[in-house]
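Trainee: sequence isn't available, so here's the structure alone:
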């Protein structure tokens, strides 16, 4: 399994499960809840005590880092089941609600989602906006589904700014696919 050629920095976290137990059929974008670079996103997941990681990080300047290879499960969304099937992406955001992201970060997120979908043979990215529907939905071979961290933990992640744009994210990615 390959990773995105958008990656400009790699620092692999020890916080992961080697090899997934499910095919990749979800993308779970997160907010960093503080301004960070691509390098800082990876660095914050290097201590085992943190017990967290992500597959990709998008810094405030739109640079992409690789923290956990796609073939491995990151510890990102407080749900082992979700993380086994999702590519998780930490996106640089402001440090308070609505955890807004700048246009460069958002555009890079769109580009990265397109890249992920293309490499995994997907032609549609779906957003249901409903935890139960998302969890029980069995995607067709050409579909990828968006999920969010807040559905699995008492957090606002990915923040109201991105949460309110999840439908737009799905639509823009699918249009490009």
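Mentor: Yep, that arrived. Here the structure is a predicted model, which is why all the values come from computation and not from measurement. Numbers count the residues shown, from 1 in each chain.
Trainee: below-threshold pLDDT in this protein: ranges please.
Mentor: 1 (pLDDT under 70).
Trainee: where along it do the strands fall?
Mentor: 7-10, 16-17, 26-31, 56-58, 64-66, 73-74, 86-91, 124-126, 143-146 (DSSP state E).
Trainee: packing partners of the fourth one?
Mentor: Contact analysis of strand 56-58 by 3 or more CB pairs under 8 Å, 6 or more residues apart in numbering; DSSP states H and E lists helix 38-43, strand 64-66, strand 86-91, helix 103-119 as its packing neighbours. The C-beta positions use only the backbone N, C-alpha and C, and glycine is treated the same way.
Trainee: related to what we said a few turns ago, as TSV, the strands of the chain with distance to residue 42 and mean neighbour count would be great.
Mentor: Listed next are those as TSV, based on distance: least, CB to CB, whole Å; neighbours: other CB atoms under 10 Å:
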stretch	distance to residue 42	mean neighbour count
strand 7-10	7	15
strand 16-17	12	18
strand 26-31	14	27
strand 56-58	6	31
strand 64-66	5	24
strand 73-74	11	26
strand 86-91	9	27
strand 124-126	25	20
strand 143-146	23	22
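Trainee: of all those, which lies closest to residue 108?
Mentor: strand 56-58 (5.0 Å; CB to CB).
Trainee: related to what we said a few turns ago, can you put the helices and strands packed on strand 56-58 in CSV and add distance to residue 3?
Mentor: Listed next are the helices and strands packed on strand 56-58 as CSV, based on distance: least, CB to CB, whole Å:
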stretch, distance to residue 3
helix 38-43, 13
strand 64-66, 5
strand 86-91, 10
helix 103-119, 9
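Trainee: nearest to residue 30, of those?
Mentor: strand 86-91 (4.9 Å).
Trainee: fine, thanks again, bye for now.
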